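> Return a 3D structure for these sequence lines:
(4 chains)
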There are 2 protein chains.
Amino acid sequence: MMTETAELAPDPVSDRVLRSFAGYALKRASNAVQADLVRTLEPFGLRMITFTALLLIVENPDLSQTQLAGVLAVERSNLVTIVDELEQAGWIARGQSPRDRRSHALRATSAGERLCTAARRAVEAHEARLFSSIGADGKAMLVNALGLVENAGNKLPVGANSGAAR
Amino acid sequence: MMTETAELAPDPVSDRVLRSFAGYALKRASNAVQADLVRTLEPFGLRMITFTALLLIVENPDLSQTQLAGVLAVERSNLVTIVDELEQAGWIARGQSPRDRRSHALRATSAGERLCTAARRAVEAHEARLFSSIGADGKAMLVNALGLVENAGNKLPVGANSGAAR
DNA sequence: GATAATTGTTATATGCCATAACAATATCGC
DNA sequence: GCGATATTGTTATGGCATATAACAATTATC
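Residues are numbered from 1 along each chain as shown, chains lettered A, B, ... in the order given. So this is what the prediction gives:
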């Protein structure tokens, strides 16, 4: 939980009280991993959201914008500029859906597929670099534990209406 | 890594390709924990950032805004409205620093200390609820592993200049 | 004493995210 | 078959978080 603290300041105040919360450790680790991921993707001209979108389009040719928005957990209106960015860079194309003239069929271009392959390798190297410190067994346990914690977080107390976490 | 996916859509596309990344699990768990924390703090009229600020002020009476901004990892300019919010609610007060007329000495009021105690208990219950699924040993291992991953994420490759993760 | 740095504040810009509204199109119910 | 309803993608807009710049008052340094 909580906001993350920086590392240096005159007369720094301890974040020891925050470190008693596992949620704080979770947030700090998540932020560090994301910051490293941002640095990893920057040379490819990709942001996290555009890399994820490209990867999903490569893996699911002809998916619609509504489907992509769903799996990315973003509003359809906010997906438009994400898809625009990938299209304008020449990495994907909006095709006509054969069954529904309202829909686009999103496909990666050859350039997009090549970029995706290269970026995915870089992301896998970023993951290997960050998670090698805890070993393969440690990583498997971490991912398993995170899944349990996520499920617990998404289970609401009695009386609360369910909603997607963000 | 990556953006999180929602749970329901017509013809949903699988996020299986994303689940191969541990960073994705990390982000999903972090988002679920944060969403639950937001729900936990809402009845107290606190946001995550204001709860953390209040907790730090309670634990460190007379700290300055610059110190608080440092430990919260926010810009001094953006701390102003956070402190305003706590002050206007009557939970903290900006006092004169005895040694430096530029500085404020931030202190919690009695009401602020009581609110902090109650909110902290609720946050501890939120943590217990979310992390009980992995047990005390599992939680300790998780926090340890997260620390290692965070450290690896903050270690930059040779040639990169160091910067605070966010 | 002059200069530089610090503290807190204000102003501003940008990006992200949410909501509303709409045209074109598809589906549903009668 | 037709009217009502829903869906898809887009545009517009507002709020929030975050970053940067500039400034006055004050402190620290040389």
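
> which residue does chain A bring closest to DNA strand D?
When scored by CB to the nearest atom of the strand, chain A has residue A:77 as its residue closest to DNA strand D, at 2.7 Å. No exception for glycine: its C-beta is placed from N, CA and C like everyone else's.

> what's the neighbour count on that residue?
Burial measure for residue A:77: 8 neighbouring residues, criterion other CB atoms under 10 Å in any protein chain shown.

> again, but for the one 5 residues further on
The tally of other residues near residue A:82 (other CB under 10 Å) stands at 21.

> Repeat that for residue A:19.
That count, for residue A:19 with other CB under 10 Å as the rule, works out to 15.

> Skipping its backbone neighbours, what lies nearest it in space?
Distances taken as CB to CB, 6 or more residues apart in numbering or on different chains place residue A:25 nearest to residue A:19, at 7.1 Å, with adjacent residues excluded.

> gap between the one you found and residue A:112?
37 Å (CB to CB, to the nearest Å).

> What is the least confident helix or strand in chain A?
helix A:16-19 (a mean of 91; mean pLDDT, DSSP states H and E).

> Show me what that one is packed up against.
helix B:48-59 (3 or more CB pairs under 8 Å, 6 or more residues apart in numbering or on different chains; DSSP states H and E).

> Comparing residue A:25 and residue A:112, which shows the higher neighbour count?
Set residue A:25 next to residue A:112 and count neighbours by other CB under 10 Å: residue A:25 wins out with 23 against 20.

> OK, contacts around the residue nearest to residue A:19?
A:19, B:142, B:143, B:146, B:147, B:150 (CB atoms under 8 Å, 6 or more residues apart in numbering or on different chains).

> out of those residues, which touch DNA strand C?
Filtering the contacts of residue A:25 for proximity to DNA strand C by CB under 7 Å from any atom of the strand leaves nothing.

> Get me the contact residues on chain A for DNA strand D.
A:64-66, A:69, A:76-77, A:79-80, A:83, A:94, A:97, A:100, A:102-104.

> Please identify the helix or strand for the residue nearest to residue A:19.
Using DSSP states H and E, residue A:25 falls within helix A:22-41.

> what do you get for residue A:77?
Secondary structure (DSSP H and E) places residue A:77 in helix A:76-88.

> now for the helix or strand hosting residue A:114, which elements pack on it?
Assessed by DSSP H and E, residue A:114 sits inside helix A:110-131. When contacts are defined as 3+ CB pairs under 8 Å, 6+ apart, helix A:110-131 sits against helix A:22-41, helix A:48-59, helix A:135-154, helix B:22-41, helix B:135-154.

> residue contacts, residue A:139?
A:131, B:22.

> On the pLDDT front, check it for me.
On pLDDT, residue A:139 comes in at 95.

> Minimum distance to residue A:126: which of the helices and strands packed on helix A:110-131 has it?
helix A:22-41 (4.3 Å; CB to CB).

> ok, and for the closest one, which residues are buried?
A:22-37, A:40-41 (16 or more other CB atoms under 10 Å in any protein chain shown).

> now it: mean pLDDT?
95.

> do stretch A:74-88 as well
Mean predicted lDDT for stretch A:74-88 stands at 96.

> Check the closest residue to residue A:85 other than its chain neighbours and give its pLDDT.
Excluding the flanking residues, the one nearest residue A:85 by CB to CB, 6+ apart is residue A:50, at 5.8 Å. pLDDT recorded at residue A:50 is 97.

> show me what contacts residue A:50?
Taking CB under 8 Å, 6+ apart, one finds A:82, A:85, A:86 in contact with residue A:50.

> List just the nearest of those to residue A:121.
Among these, and counting by CB to CB, the member closest to residue A:121 is residue A:86, at 18.8 Å.

> The closest one and residue A:94: what is the separation?
Distance from residue A:86 to residue A:94, by CB to CB: 10 Å.
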